[in-house]
Every structure is written in structure tokens, then in C-alpha cells.
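*Asks:* Model the structure of this input:
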Amino acid sequence: MASILSIEERFNLITRRLPAEDVHGAELIKAALETKGKTLKCLWAHIGYFVPLLKFVDFLEAGVEVVVLLLDVYSFLDNVKYPMEQVLQRMHYYKFTIMAALEAIGIPSSRVRFVQESTYQTNLEFISDQWRLCTLVPQQAVRDAWDRSYNPNILSPMLCPGLQTLAEEHLGVDIQFGGEDQARIFAFAERYLPQLGYERRAHIMNPMLPNCLGEKMSSSSPPNTKIMILDSPDAVTKKISEADDRGNNVAENGVLASLRDILIPISELRLERLQGRDPAEALPDQQPFCSRDAPEGTVFTVETGGGNGRGYKHYKSYKEIEQDLAENELSHFALNMAIADAFNQLLDPIHKAYGESKEWQEVDMLGYPDISA
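*Replies:* So this is what the prediction gives:
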């Protein structure tokens, strides 16, 4: 696909659905795209599941090699709580989860390259760069990049921005991709990597979704505030139905934000893959989130009830849903139930993959032991 796309088309794919202010180094990306025979490499080092994984679709279509960094050393230094043995099990758990989530949105996991962080950090050249970086960076610059105010007296988390920065050079990437919460670390890398004599890399960020309570989504947020990959259908429905209703403000409504930034883009992607064929021809786990008799171009269907039979509303964009909510033509309850159903459809193949993988179940048990047992 990438070979028949123009440079501008490839750049537009790489930056699609991202605010302009979250693309740092656009000129670096364009220059790399213009380099004959060069394959761009993009690094992703932090867990975020479906929002960033949807960008992988764009990257791959644009001919970008996607490198997923599996954090073991970084996670051990940053958590200051769990032993390395348990951190390693969690790292393997994340790999299984990412692979299954990729497959769920139609990306063969074989198209993404996984790299375990510690495999290159024992290299003498990397260690030397880490020492050199430590002689350049003031302590306050590290604190500004990676605030660990909840545990300010521990040294280990202060090493993390440097590890993430050096990964760009030692993995030979052109772009590092992450959430907006990575902005300060990316600024750190843009400042200090050139001081080591290396090229500055481009950085692009996806917006952060609010959780079910309207607060910023985070991996450290309690499980009841967000949809978890292995949540049961009942748990998903319960969380969405009990989510804090912040009206129609997507910036504070995690359910609506998930609809706009996860479910509808996945539905659009599935429609693109069908290329005008009947959605009923798709496998159940690859059908767009609309009823089988929905009008062409529908990306989301909501069952509204009413009368003696069931009623449906079909939407071709999120804006149409937003308008119906504003005009009270659609209830939040009906929409939330449709969102819960769509999430359960999306997660179903992941649950099946987990149930069929003894190794995934084992690392889950070892990485996240039931302390109440």
C-alpha cells in the first residue's frame, strides 16, 4: 500500500486524527519520507491499548515499521514496589495482551516488531551513553520530565527519562509515539539527545481519554474506573452503565470519548475493509458496530426501543450522535447500552485468545497474583 502512496498521503496517515500541536518534528518525518530506500521506524513504549493501536493501522499503511518496546528495566525502576521476577511476568502479560488486541482490530501481530528493553541495555555503547547523559542532565530537568512526587526520595525513577531517550538512538527509530502524558519526556529527549551528538527524533502523541469518572485515563487508575481488556461482558456493561455522566462533554465523559476515539474509528476501519460488500459477509468479530440492515455508511447503531417493536437509530459519524444527544433525540441510557455491546463484541476474541493460552494465563497469575487467595 505505502509504495503507491505519495509522501503527503503517507504523512497524512501518520498524523491522522492527531491534533497539530501533538506532532513535534513534522519536518523530520517529511524528510525521512523523502529519503529514497528508507523505511521509517516508529517506537511505542507505553501501554494504552486501543487508541494507540489504531494508529498502528495508519503507520503500517504508510509503510512505517512499528517497534513495540517491552519495558522490563524501566518498569522495575519506576514502580519501586514489585520485584523484577514479577515485573518480567507482567511484561510478558502485556505482550500477550497487545498481540490479542491487535488481532481484534484486524492487525496481524506478526506485522509489529517486539523488542525487550533489557536486550540492548547491557550493550557497552548503551551503558556509556547512559553515563554520558548522567553528566549532562541536571536533577531538576529529570524531575520536570517525569514527576515522581509521590516518592521523591528514590533514585531509580529518575533514570527512566534517560532510558526512554536513549532507546530512540539504540533502536534506530525516526519517530517515538505515545500519549499526551509523555510530552515532558519527549521534550527531554528533544533537548538532550542532540547534546550526546545524536539526531533529534520526531515525537507524535495521541490525546488521553478520560476514564469512567471523568478523570485522565491512567494505567495506575483503579480497575473500576476503566474498561479492562479481560473484563467480562457483565463487568463492561456495569462499568459503562454506572459511569459518571458528564453530559455531552467528551473531554469529561469517558464513555463518549471511547465511542468517538475507539469504537467509531474501528467501525470505520472495518467498513473500509469490506469495500462495499455486505457487512454480513464479515466474521462476527470483524463486523462494524451497526445492525445488519443498517443503511450503507453506518458506523454505529443504537437500539432505542419504542412502540410494539424495537427501534434503531443509525449514525454515519460521531457528530450525528452528538447532535441527537444535544437535541434529546437520543437517550444516554440507550447509547451506553449500545456502547457496552460494541465493547463486548470487540473484547470477545481477546477473551477467547486468553482462554486458549495457558502461557498467558500463567503469566497473568504470576504477574498479578490474587493476594486475597
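*Asks:* same for the helix or strand harbouring V51, what does it pack against?
*Replies:* Assigned by DSSP states H and E, V51 falls within helix 50-61. In terms of contacts (3 or more CB pairs under 8 Å, 6 or more residues apart in numbering; DSSP states H and E), helix 50-61 is packed against helix 7-14, strand 41-44, strand 65-70, helix 84-104, strand 175-179, strand 202-206, helix 264-274. Every residue, glycine included, has its C-beta placed from N, CA and C.
*Asks:* Show the average pLDDT along the longest one.
*Replies:* In this case it means helix 84-104. The average of the pLDDT scores along helix 84-104 is 96.
*Asks:* for the protein, which spans come out with low pLDDT?
*Replies:* 1-3, 148-152, 213-225, 244-247, 276-282, 284, 306-310, 371-373 (pLDDT under 70).
*Asks:* quick one, domains of it?
*Replies:* 2-206, 223-367 (automatic domain parsing).
*Asks:* C212 is nearest to which of those?
*Replies:* domain 223-367 (4.1 Å; CB to CB).
*Asks:* distance between that closest one and the chain's centre?
*Replies:* 17 Å (CA atoms, centre = their mean, to the nearest Å).
*Asks:* same question, stretch 158-168
*Replies:* Per CA atoms, centre = their mean, the centroid offset for stretch 158-168 relative to its chain is 20 Å.
*Asks:* out of everything not next to it in sequence, what's closest to R201?
*Replies:* E168 (4.7 Å; CB to CB, 6 or more residues apart in numbering).
*Asks:* quick one: what helix or strand has the one you found in it?
*Replies:* helix 160-170.
*Asks:* Report the inter-axis angle for that helix versus strand 175-179.
*Replies:* 150 degrees (axes from the mean of the first three to the mean of the last three CA atoms, to 10 degrees).
*Asks:* For stretch 173-193, list the C-alpha coordinates in PDB.
*Replies:* The C-alpha coordinates for stretch 173-193 follow below in PDB (Å, rounded to 0.1, in the frame of the first residue of the first chain):
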ATOM      1  CA  VAL A 173      13.900   4.900  15.200                       C
ATOM      2  CA  ASP A 174      12.700   8.000  13.400                       C
ATOM      3  CA  ILE A 175       9.600   8.600  15.500                       C
ATOM      4  CA  GLN A 176       8.500   7.900  19.000                       C
ATOM      5  CA  PHE A 177       4.800   7.700  19.600                       C
ATOM      6  CA  GLY A 178       3.000   8.000  22.900                       C
ATOM      7  CA  GLY A 179       0.100   9.600  24.800                       C
ATOM      8  CA  GLU A 180       0.000  13.300  25.600                       C
ATOM      9  CA  ASP A 181       1.200  12.300  29.100                       C
ATOM     10  CA  GLN A 182       4.600  11.700  27.500                       C
ATOM     11  CA  ALA A 183       5.000  15.300  26.400                       C
ATOM     12  CA  ARG A 184       7.600  16.200  29.000                       C
ATOM     13  CA  ILE A 185       9.700  13.100  28.400                       C
ATOM     14  CA  PHE A 186       9.600  13.700  24.700                       C
ATOM     15  CA  ALA A 187      10.800  17.300  25.300                       C
ATOM     16  CA  PHE A 188      13.600  15.900  27.400                       C
ATOM     17  CA  ALA A 189      14.600  13.600  24.600                       C
ATOM     18  CA  GLU A 190      14.500  16.500  22.100                       C
ATOM     19  CA  ARG A 191      16.800  18.600  24.300                       C
ATOM     20  CA  TYR A 192      19.400  16.000  25.400                       C
ATOM     21  CA  LEU A 193      19.700  13.500  22.600                       C
END
